[in-house]
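Colleague: using only what follows, build the 3D model:
(one chain, ligands or ions: 1)
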Amino acid sequence: MDGDVVIEFESVTKRYRDGTTAVQDLSLTIPSDKITVIVGPSGCGKTTTLRMINRMLEPTSGSISWDGAPLKSKRKTQLRRQMGYVIQSGGLFPHRTVIENIQTVPTLIGWDKTKNRNRAYELLEMVGLERKLAQRYPSQLSGGQQQRVGVARALAADPIVMLMDEPFSAVDPVVRADLHEQFLQLQKKIGKTIVMITHDIDEAIKLGDQIAIMRKGGVLAQVGSPQQLLEEPVDDFVAGFVGKDRGYRGLSFVAASGLPLENVQLTRDPAAAHGDQPVLVVDEDATPLGWADLTRPGQTQMLGSTFLPETDTMRVALDSALNSPVGLAVAVAANGRFAGVVTASQILDQVRYLKASVADAISARAEADAARREAEAARQEAEGVRNEASRIAAEADAEADEAARVEEAVRAADEADAKAAAAEQAAAQKEAVADQVEQQQAEQEHAEQQQAEQQPEPERPEQEQEQQEQAEQEQPTEIRPRRDVAGDDQGDATQIRQP
Ligand SMILES: Nc1ncnc2c1ncn2[C@@H]1O[C@H](COP(=O)(O)OP(=O)(O)OP(=O)(O)O)[C@@H](O)[C@H]1O
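Modeller: Predicted coordinates for the structure are as follows:
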């Protein structure tokens, strides 16, 4: 489907308190700006699914997101203002006039009166209602009119999403067909994201860009475009649901533009027509009027319907052939001029050919999809290998860094060792020098001592001698003879002993 993903159901299950499973493991993508129709038999969980979108109901398990954000993260009131809700018969407030009904949500959210009023009248016109109906009450409207007011009310605050629960079911088939046309016209203008419920497969096929078929037990049976469902139903349930005449319905999705058109004899005067081949009566602009009745000269048979190859479908072309008294579908140009004829069997041949092409295209698409998936898997594998390689490279880089760091540390340690050895050597040298100096000093001292011992005692100055003598007289001194130096620890040559 085109369009961005707007609402995404992921494995959603809804179980009511009494144990009824209304929706089971539903995964569904609802694209923006398109009409998604949920269709299925009564009780298959359609309404439950719809109500989970605006959080009137919460899933029991699984999750629903809107533009990537979980619905749960949004406030309910905020959410509901962004989602219009239409129910059967419009669900109008009976005691409020049409205009008051339409103004309900804008009034709630505080729009100013003029803006609100203008918007309400604009919407009345948009849904095809006359202004004079504005002051009526719902009971004074037809079912179709009520339904339109319901749609106008849901659109009033310009919601992003429209939720519609069987909006057209309460009106008769003729009004419904009319409402469908107007609804599609309206959607062309407003381009909303619409989720609609119906149990009518015809309505679904007519309105839906995407159809989700549900079966009993709240299980999604198939989702796809109307054409996909008609041409490739996944099982008997879907095939039965889309109808036995689905082949004929399917023609509604095949353009008539490729039909091989042939010429036919034209005349403006039916009386001049003769022979056994069909003759088409046209006016002066070559607009077809009818078929010349070859059995009653001058008479014209009805034309039946015509078709425009550029815009109509095979179904319209086939209708034209089947309605024609001569079995020929008449193609016209946009200006109404005759363009050619084609038989019903040529149309069916073309359909068969197209179906075969479609089947080819489908299998080609399947093959292309498979190839794409393989390519993607290969790309992911390559990506994985690349990631692994860069992880290994990063590890190797880290190891290399570590090795360089260790090498640097070893070099620094070697340098430190060398410095320490040099310092030690220098210290040893200094120590040796110091020993040497010490030894020299000791030797010198020893030499000086010896020298001193060998030298006579120096003469004392006169005054000092006198003082000495006087002291010796005042204080008798015992002068003991000098002992042998070798036997005396004190090593003095003389000892003066005090009394
Ligand atoms: N509040 C509820 N409590 C218990 N069961 C419920 C409740 N509402 C709905 N159901 C059940 O859940 C199932 C799904 O109901 P739901 O209304 O979603 O179906 P539906 O497809 O919209 O039906 P219909 O087409 O008839 O409106 C039904 O079996 C119904 O009986």
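Colleague: tell me the contacts of the residue in the stretch 251-400 of the chain that the ligand sits nearest to?
Modeller: Nearest residue of the stretch 251-400 of the chain to the ligand: residue 252, at 25.0 Å (C-beta to the nearest ligand atom). For every residue, glycine as well, the C-beta is placed using N, CA and C. Applying C-beta atoms under 8 Å, 6 or more residues apart in numbering to residue 252 gives the contacts 205, 313-315.
Colleague: next, format the residues you listed as a markdown table and append distance to residue 230.
Modeller: Output for the contacts of residue 252, formatted as a markdown table (distance: C-beta to C-beta, whole Å):
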| residue | distance to residue 230 |
| --- | --- |
| 205 | 7 |
| 313 | 13 |
| 314 | 13 |
| 315 | 11 |
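Colleague: can you tell me which of these are in helices?
Modeller: 205, 314-315 (DSSP state H).
Colleague: give me the pLDDT for the residue sitting nearest the centre point of the chain.
Modeller: Residue closest to the mean C-alpha point of the chain, counted by C-alpha atoms, centre = their mean, is residue 68 at 5.7 Å. Looking at residue 68, its pLDDT reads 90.
Colleague: next, count neighbours for residue 323.
Modeller: Counted with other C-beta atoms under 10 Å, residues neighbouring residue 323 total 14.
Colleague: for residue 79, same thing?
Modeller: 16.
Colleague: wait, it sits on residue 54?
Modeller: Yes - contact between residue 79 and residue 54 holds when scored by C-beta atoms under 8 Å: they sit 6.0 Å apart.
Colleague: gap between the residue in the stretch 151-300 of the chain that the ligand sits nearest to and residue 147?
Modeller: Nearest residue of the stretch 151-300 of the chain to the ligand: residue 199, at 5.3 Å (C-beta to the nearest ligand atom). Distance, residue 199 to residue 147, using C-beta to C-beta, to the nearest Å: 17 Å.
Colleague: likewise for residue 455?
Modeller: 148 Å.
Colleague: residue 251 too?
Modeller: Residue 251 is 30 Å from residue 147, by C-beta to C-beta.
Colleague: so those two - more neighbours on which side?
Modeller: Per other C-beta under 10 Å, whichever of residue 251 and residue 147 has more neighbours is residue 147, with 28 against 20.
Colleague: burial count for the closest residue to residue 137 other than its chain neighbours?
Modeller: What sits nearest to residue 137 in space, not counting adjacent residues and going by C-beta to C-beta, 6 or more residues apart in numbering, is residue 97, at 5.9 Å. For residue 97, the count of nearby residues is 18 (other C-beta under 10 Å).
Colleague: equivalent analysis for residue 305, please.
Modeller: Neighbours around residue 305, by other C-beta under 10 Å: 16.
Colleague: and it, what does it touch?
Modeller: 316, 319-320, 323.
Colleague: with residue 342 instead?
Modeller: 259-262, 317, 321, 328-329, 331.
Colleague: so which helix or strand takes in residue 284?
Modeller: Using DSSP states H and E, residue 284 sits in no helix or strand.
Colleague: just the buried positions in stretch 31-51, please.
Modeller: 31-40, 44-51 (16 or more other C-beta atoms under 10 Å).
Colleague: ok, and of those, which contact the ligand?
Modeller: Of the residues in those, proximity to the ligand by C-beta under 6 Å from any ligand atom holds for 40, 44-48.
Colleague: just give me the closest of these to residue 90.
Modeller: residue 47 (16.4 Å; C-beta to C-beta).
Colleague: after the one helix or strand the closest one maps to comes which helix or strand?
Modeller: Residue 47 is part of helix 46-53, with elements assigned from DSSP H and E. Sequence order places strand 61-66 as the next helix or strand after helix 46-53, per DSSP H and E.
Colleague: packing partners of that next one?
Modeller: strand 5-15 (3 or more C-beta pairs under 8 Å, 6 or more residues apart in numbering; DSSP states H and E).
Colleague: quick one, the strand it packs on and helix 46-53 angle?
Modeller: Strand 5-15 runs at 120 degrees relative to helix 46-53, counting by axes from the mean of the first three to the mean of the last three C-alpha atoms, to 10 degrees.
Colleague: tell me which residues in strand 5-15 are buried?
Modeller: For strand 5-15, by 16+ other C-beta under 10 Å, it's 6-9, 12, 14.
Colleague: domain-wise, how is this structure divided?
Modeller: Domain ranges of the chain: 5-253, 255-429, per automatic domain parsing.
Colleague: packing partners of whichever helix or strand residue 410 is part of?
Modeller: In the assignment (DSSP H and E), residue 410 maps to helix 344-454. When contacts are defined as 3+ C-beta pairs under 8 Å, 6+ apart, helix 344-454 sits against helix 314-323.
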